[in-house]
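>>> Whatever this is, show me its structure:
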Amino acid sequence: LEKSIGHDLLIEECKRAFHFVKKPKEIHKATAAIAATFSTQHTDPSMLLFHSHASVNATIDMPHKDVYECLTLQVLNSSAKTNADREKASRIWTEFILPFFNLPTHWFLKELRDKARSDKSSCIVKYAPGQKVKTAFGDGRILAYNEVTSTCAPHYTVELPFGKAYVRPSSIVHHNATEVQYVRENGFMELVQNTDDAMSDETKKEIPSSCQLVYGTEKFYIFMRLYCALLALFESAKKKMETDNNAMEVEDDAEGPQKNKFQGFISTIKDYINEEVQFKSYELRCRSFTDKTFYELSAIPRLIEKCADALVKVAREDKLLALFDFYRLKTMDPFTQRSQSLIVTEDASFRIQYVPSDGKIHFCYLPLEKDMLMAPRNSSGPGVLGVENQLSSNSFNVDDEVKKTADNGKDEMNDADDGEIEQSSEPQNKRAKLV
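Presented below is the predicted three-dimensional model:
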């Protein structure tokens with residue numbers, strides 16, 4: 001199970017998604033809960049996802065809170081080396097994970113109070129006057145930022161529904177999407193121009209507002225795959241243990257801990273993270289919770305370590321929140337959002353799209369040199385491949401074509417490109433971009 005979530009294998013699954021569509025991977029019983037599925041494009045055209053991609057299960061009903069508490073404990077005890085790492089990781093929870101999955105705010109308030117550094121040396125972005133934000137006390141609008149003085153720490157003056165309040169920076173959970181749009185740059189929230197002018201009305205296409213979309217780096221992609229794997233394993237363990245609980249309720253002499261095996265398991269994994277028990281003792285306890293899927297429980301501690309380390313790497317990279325700001329502009333246009341994300345970093349090569357109606361997160365590899373399809377692949381007529389725009393969004397690179405022809409006898413290394421080529425029945429009609 002642990003081998004199935006190795007770094008190289010996860011990268012290969014995303015980059016070679018089309019290959020795994022043609023030649024499906026054999027799914028072992030031990031990895032069934034976390035295995036990805038592969039598709040050449042999303043079944044719903046309104047999602048505007050027309051590239052080969054990997055998909056994993058993720059819903060709001062999964063045990064996010066338990067995974068969050070375990071990962072936070074691991075970051076605090078081991079993964080984070082400095083207070084800055086801890087604070088940046090806590091901001092990823094509140095400014096990305098919380099709005100991305102639409103999780104309850106109160107889960108994260110203790111983390112904000114306990115893990116933030118002093119307000120004077122804080123890594124938290126400086127919000128702009130007039131910006132609407134979600135605070136620990138409710139939604140509000142920032143009126144002013146007050147610098148540190150001899151008598152008080154730096155704080156914001158925020159207009160809340162019940163009046164004005166002085167709020168510490170760490171008490172601001174995240175900013176809200178509004179008509180007045182801001183993105184972070186060099187530690188400050190900056191006003192951006194109207195993004196609706198990026199493309200004409202004839203060419204602009206938008207995904208449904210219920211979807212969440214972000215273009216991320218390789219480090220972020222790895223973190224999200226590991227996080228989803230943890231969710232799946234916790235969900236699998238919870239369902240099996242709750243089934244056992246229901247069977248035991250018939251017995252009147254059943255003790256309390258037996259009636260709630262899953263919470264007992266959560267307590268055990270926290271004891272292990274806190275180094276209060278050794279791994280052998282952890283395994284023995286897990287055997288009392290379940291026998292059928294014991295192998296899943298034994299893999300969770302190592303997966304928590306890997307996911308926490310990945311989270312800290314994303315925090316140190318310090319790109320995710322800026323990339324997610326472009327989604328929160330609510331333009332809902334994947335092409336425009338990708339163009340803006342590539343300005344932040346050219347490494348934003350992984351399209352990560354959460355579709356709540358599917359209960360899945362889709363991962364697609366789109367490197368800088370690859371153009372994004374904005375319409376289904378179809379060779380039946382001209383103009384169906386995608387919209388014509390100033391960046392030729394669905395064209396092909398001549399050098400890439402020559403290279404693929406020369407390497408025809410080798411195994412496919414970038415199956416996303418291969419998929420676009422092989423699905424066309426008239427290769428001579430492919431358009432090329434001169435470079």
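>>> And whichever helix or strand R86 is part of, how far out from the chain middle?
Using DSSP states H and E, R86 sits within helix 83-92. On the basis of Cα atoms, centre = their mean, to the nearest Å, helix 83-92 sits 17 Å off its chain's mean C-alpha point.
>>> could you say what helices and strands it packs with?
If you count contacts as 3 or more Cβ pairs under 8 Å, 6 or more residues apart in numbering; DSSP states H and E, helix 83-92 packs onto helix 109-115, helix 294-317, helix 320-327. All C-beta atoms are positioned from the backbone trio N, CA, C, and that covers glycine.
>>> Can you name every helix or strand that the longest one contacts?
The elements that helix 294-317 packs onto, with contact taken as 3+ Cβ pairs under 8 Å, 6+ apart, are helix 64-74, helix 83-92, helix 218-248, helix 261-273, helix 279-289.
>>> The third one vs helix 64-74, what angle?
Orientation check (axes from the mean of the first three to the mean of the last three Cα atoms, to 10 degrees): helix 218-248 against helix 64-74 gives 120 degrees.
>>> ok, back up a step: can you check which of the helices and strands packed on helix 294-317 gets nearest to E185?
For E185, the closest of these is helix 83-92, at 16.0 Å, according to Cβ to Cβ.
>>> Please list the residues outside the closest one that contact it.
72, 75-76, 79-80, 108, 111-112, 115-117, 122-124, 311-312, 314-316, 318, 320-321 (Cβ atoms under 8 Å, 6 or more residues apart in numbering).
>>> same thing but 7 Å
Residues from elsewhere that reach helix 83-92 (Cβ atoms under 7 Å, 6 or more residues apart in numbering): 75-76, 80, 111-112, 115-117, 122-124, 311-312, 314-316, 318, 320-321.
>>> Then stretch 129-143?
Contacts for stretch 129-143 (Cβ under 7 Å, 6+ apart): 105, 109, 112, 127-128, 144, 156-161, 165, 167, 171-176, 178, 180, 182, 189.
>>> returning to that earlier point: tell me the most buried of the helices and strands packed on helix 83-92?
Highest mean neighbour count among these (mean count of other Cβ atoms under 10 Å): helix 320-327, with a mean of 23.
>>> so what secondary structure elements neighbour that helix?
strand 182-185, strand 212-216, helix 334-344 (3 or more Cβ pairs under 7 Å, 6 or more residues apart in numbering; DSSP states H and E).
>>> Count the residues that sit near K239.
Taking other Cβ atoms under 10 Å as the criterion, the count of residues near K239 is 13.
>>> meant to ask about N260
14.
>>> Return the members of the contacts of stretch 129-143 classed as buried.
105, 109, 112, 127-128, 156-158, 165, 167, 171-175, 182, 189 (16 or more other Cβ atoms under 10 Å).
>>> Output the below-cut-off pLDDT ranges for the stretch 201-350 of the chain.
201-203, 244-259, 330-331 (pLDDT under 70).
>>> Recalculate using a threshold of 50.
Within the stretch 201-350 of the chain, the stretches with pLDDT under 50 are 248-258.
>>> for the helices and strands packed on helix 320-327, which one sits closest to P45?
helix 334-344 (12.8 Å).
>>> Could you tell me which residues within the closest one count as buried?
Buried, per 16+ other Cβ under 10 Å, within helix 334-344: 334-342, 344.
>>> Off-centre distance for that helix?
Distance, centroid of helix 334-344 to centroid of chain: 17 Å (Cα atoms, centre = their mean).
>>> what do you get for stretch 144-157?
34 Å.
>>> before we move on, back to that, in helices, which of the contacts of stretch 129-143 fall?
Here DSSP state H is the test, and the contacts of stretch 129-143 give 109, 112 as lying in helices.
>>> So which of the contacts of stretch 129-143 sit within strands?
144, 156-160, 165, 167, 172-175, 182, 189 (DSSP state E).
>>> pLDDT weak spots in the stretch 51-200 of the chain?
198.
>>> Point me to the residue sitting closest to the centre of this protein.
M224 (4.6 Å; Cα atoms, centre = their mean).
>>> which residue packs closest to that one, ignoring adjacent ones?
I352 (5.9 Å; Cβ to Cβ, 6 or more residues apart in numbering).
>>> wait, what's in contact with that neighbour?
Counted by Cβ under 7 Å, 6+ apart, I352 has contacts 214, 216, 221, 224, 361, 363.
>>> Give the helix, strand or coil label for the residue nearest to M332 when sequence neighbours are not counted.
Leaving aside its chain neighbours, M332 sits nearest to E206 (3.8 Å; criterion: Cβ to Cβ, 6+ apart). Following DSSP: H, G, I helix; E, B strand; the rest coil, we place E206 in the coil state.
>>> Now do E206 against Q340, distance only.
Distance of E206 to Q340, given as Cβ to Cβ, to the nearest Å: 15 Å.
>>> Leaving out the residues flanking it, which one is nearest to T105?
V173 (5.8 Å).
>>> distance of that neighbour from P63?
V173 is 21 Å from P63, by Cβ to Cβ.
>>> Same check on T157?
For T157 relative to P63 (Cβ to Cβ), the value is 38 Å.
>>> again with I97
Taken as Cβ to Cβ, the span from I97 to P63 is 13 Å.
>>> For the next helix-or-strand element following the helix holding R86, list the C-alpha coordinates in CSV.
Next helix or strand after helix 83-92 toward the C-terminus (DSSP H and E): helix 98-101. The C-alpha trace of helix 98-101 is given here as CSV (Å, rounded to 0.1, in the frame of the first residue of the first chain):
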residue,chain,number,x,y,z
LEU,A,98,-11.3,25.3,4.5
PRO,A,99,-12.8,27.2,1.5
PHE,A,100,-11.7,24.5,-1.1
PHE,A,101,-13.8,21.8,0.6
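>>> who does helix 98-101 touch, helix- and strand-wise?
Under the contact rule (3+ Cβ pairs under 7 Å, 6+ apart), helix 98-101 is packed against strand 172-175.
>>> What is the neighbour count of T345?
16.
>>> How about the one 3 residues further on?
Taking other Cβ under 10 Å as the criterion, the count of residues near A348 is 27.
>>> Sweet, I'm off.
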